[in-house]
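J.: Predicted coordinates and the sequence they were generated for:
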Amino acid sequence: MKLVLAVIQGKDVEAALSKLTQQKFSATVITSTGGFLRESNTTMLIGVEEERLPALLELLAQTCRTRSRYINPMPTLMEPSEFFLPQPVEVQVGGANVFVVNIERFERI
Ligand code: 2BA
């Protein structure tokens, strides 16, 4: 068995959850925050039998899209702030960032 930890953007959560439910995957949804953008995202914990892992990854690939975000960088300490002209920087976020972990044992007690 595998545990899939998937960090997903808010806009993709509903689509991903509906497909997961339709295809009979079980998921736990945790509200999380990206350390870089400090924006809320969602972390899903999905326990899955190894043979269904490819179908799960395909489902996440189909439902989670990459989007552009623009951030305003802050001046560094070395840079006098009066000379600093903020230029928005493009950052690509998502689709899903997926970690697959081996599960030694799973019990429903
Ligand atoms: P955030 O940490 O808010 O990152 C949002 C996006 O900002 C990232 O998109 C990436 O394009 C960019 N980014 C992140 N750290 C950066 C840095 N140090 N310098 C420049 N750009 C940076 P994604 O890679 O698609 O990540 C989306 C979210 O997935 C992340 O939100 C974070 O919550 C999670 N994530 C991604 N990689 C992770 C990892 N290795 N471990 C834990 N969580 C991760």
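T.: Yep, that arrived.

J.: hey, let's count contacts and neighbours off CA atoms from now on
T.: OK.

J.: looking at the sheet around S40, what are its partners?
T.: With beta bridges defined as DSSP bridges, S40 has these partners: T33.

J.: How many neighbouring residues does it have?
T.: Other residues within reach of S40, judged by other CA atoms under 10 Å, total 14.

J.: how near is it to the ligand?
T.: Applying CA to the nearest ligand atom, to the nearest Å, one obtains 8 Å for the distance of S40 from the ligand.

J.: ok now do that residue, which residues does it touch?
T.: Contact analysis of S40 by CA atoms under 8 Å, 6 or more residues apart in numbering lists Q9, G10, T31, S32, T33, G34.

J.: roughly how far apart are it and L53?
T.: Computed as CA to CA, to the nearest Å, the S40 to L53 distance reads 26 Å.

J.: show me where pLDDT drops low in this structure?
T.: In the predicted model, the chain carries pLDDT under 70 at residues 75-84.

J.: try 90 this time
T.: Judged against pLDDT under 90, the low-scoring parts of the chain cover residues 69, 71-89, 94.

J.: which residues touch stretch 65-74?
T.: Contacts of stretch 65-74 from elsewhere in the structure, counted by CA under 8 Å, 6+ apart, are D12, P86, Q87, P88, V89, E90, V91, Q92, V93, G94, G95, A96.

J.: Show me what the longest helix along the chain is packed up against.
T.: Across the chain, the helix with the greatest residue count (assigned by DSSP state H) is helix 10-22. Other helices and strands packing on helix 10-22, by 3 or more CA pairs under 8 Å, 6 or more residues apart in numbering; DSSP states H and E, are strand 40-48, helix 53-63.

J.: and that helix with helix 53-63, angle?
T.: Helix 10-22 and helix 53-63 meet at an angle of 140 degrees, taking axes from the mean of the first three to the mean of the last three CA atoms, to 10 degrees as the criterion.
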